[in-house]
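A.B. asks: Provide a 3D model corresponding to the input given below.
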Amino acid sequence: MGKKGKSKGIVFNAYDLLKFTWQKKWILIFISVAAFIIAVFVSLSITPRFESKVVLFPAASVSLSSSLTETSLISVNNRDILSFGEQSETERMLQILSSGKIKDHIMNKYDLMSHYEIDTASLYPYTQLHNKYNSNITFRRTEYNSIEISVLDTDPQTAADIANDIASYIDSVVYQIQLERATEAFRIVENEYKASQHEVERLNDSLRQIRNLGVFDYGSQVASLSEAYAVALAQNNDAAENEISEQMNILSRYGGTYIELSKKLETEMNRLGQLKEKYTAFKINVEQAIPQVYIVDHAVRAERKAVPKRSLIVIISTLSTFALVFLLLLIVDYSKGLK
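C.D. replies: Sure, this is the predicted structure:
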């Protein structure tokens, strides 16, 4: 080793490092071989896990009722129930995938507490279960704005089943979330719709009673009776005058009420028509459901294990041990040179 003094330290060149390595070759070889053997045994002791993946796109967040009942050809954003979701829908779907509802469904259906061999008598069994779940089941947004569901498990079929089940259960979770709000909205509209129907019936009954008295069309009847009364006067027809006078008295007495009820009925009929459209729309939202995701690739049973990568573990462990031992030997040699 070249040495330039304690104050300036030791300067190594490539030749010095090669020479030093050759001098310490047996120590480096022995420890590296030992690390290689230990890494092999450790990698063989790790239980292999298989990976299955589902790739899906979230559907666009649009109203089902609007898409199915809207008659206008003009759309604000040109999105309908067949559109793919954008980034906001993808982020929302990732949040739903991480929700407790999906976790609880998968944990209970596959009895993951037993499947992961977690001791229920331990201090924090559910914390262990959630940690195991989060390490084996992951979700990520891809560069194409799709979502990838990845499941690792010691059983390749279980991994595929869990991944497919999560993708299928998304629709149920989203529907349940939306149903509560849609049901309340439907109840409000339904009450208003029925109240409007009753009001239309009440107004029709009132108008029917007035029509039974002979008031059918106030405006045209007044004009006709006035003309007929003038003719009766001109002909000195007292009987006709009296009869027409009675009819005009009835019109005078109930005409205003007839006009008022007619206007109210027209207004309420227009309101009833609008409420019927809303009633039909909200009923669709409550009673019907459509898939919330487009599944591009379903999970299939993996033929080869995903982890551990035994060769990679052995290589990295051996090289890391070699580098660490080499560095320690350099430090020891440097320390000796300072004395």
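
A.B. asks: only C-alpha atoms for contact and neighbour calcs from this point on.
C.D. replies: Will do.

A.B. asks: Any chance you could list what contacts the longest strand along the chain?
C.D. replies: If you go by DSSP state E, the chain has its longest strand at strand 50-58. Under the contact criterion CA atoms under 8 Å, 6 or more residues apart in numbering, strand 50-58 has outside partners 84-86, 89-90, 93, 145-156, 159-160, 163-164, 167, 292-302, 304-307.

A.B. asks: next one: stretch 177-187
C.D. replies: 279, 282-283, 285-286.

A.B. asks: Looking at those, which are in strands?
C.D. replies: Using DSSP E, no member of those falls in strands.

A.B. asks: So which of these sits lowest on pLDDT?
C.D. replies: Within those, N285 has the lowest pLDDT, namely 79.

A.B. asks: count of neighbours near that residue?
C.D. replies: Neighbourhood size, N285 [other CA atoms under 10 Å]: 23.

A.B. asks: show me where pLDDT drops low in the stretch 201-339 of the chain?
C.D. replies: For the stretch 201-339 of the chain, the stretches with pLDDT under 70 are 215-238, 240-245, 247-252, 308, 337-339.

A.B. asks: just the helices in it please.
C.D. replies: Taking DSSP state H, counting those that start in this stretch, the helices of the stretch 201-339 of the chain run over residues 218-235, 238-287, 310-338.

A.B. asks: out of the contacts of strand 50-58, which are buried?
C.D. replies: Using 16 or more other CA atoms under 10 Å as the burial test, the contacts of strand 50-58 include 84-85, 89-90, 93, 145-156, 159-160, 163-164, 167, 292-295, 298-302, 305, 307 as buried.

A.B. asks: Just the C-alphas of the longest strand of the chain, formatted as PDB.
C.D. replies: Output in PDB follows, covering the C-alpha atoms of strand 50-58 (Å, rounded to 0.1, in the frame of the first residue of the first chain):
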ATOM      1  CA  PHE A  50     -47.900 -16.700  -6.500                       C
ATOM      2  CA  GLU A  51     -49.200 -13.400  -8.000                       C
ATOM      3  CA  SER A  52     -52.400 -12.800  -9.900                       C
ATOM      4  CA  LYS A  53     -53.500  -9.500 -11.400                       C
ATOM      5  CA  VAL A  54     -56.700  -7.900 -12.600                       C
ATOM      6  CA  VAL A  55     -56.600  -4.800 -14.900                       C
ATOM      7  CA  LEU A  56     -59.700  -2.700 -15.100                       C
ATOM      8  CA  PHE A  57     -60.900   0.800 -16.100                       C
ATOM      9  CA  PRO A  58     -63.400   2.700 -14.000                       C
END
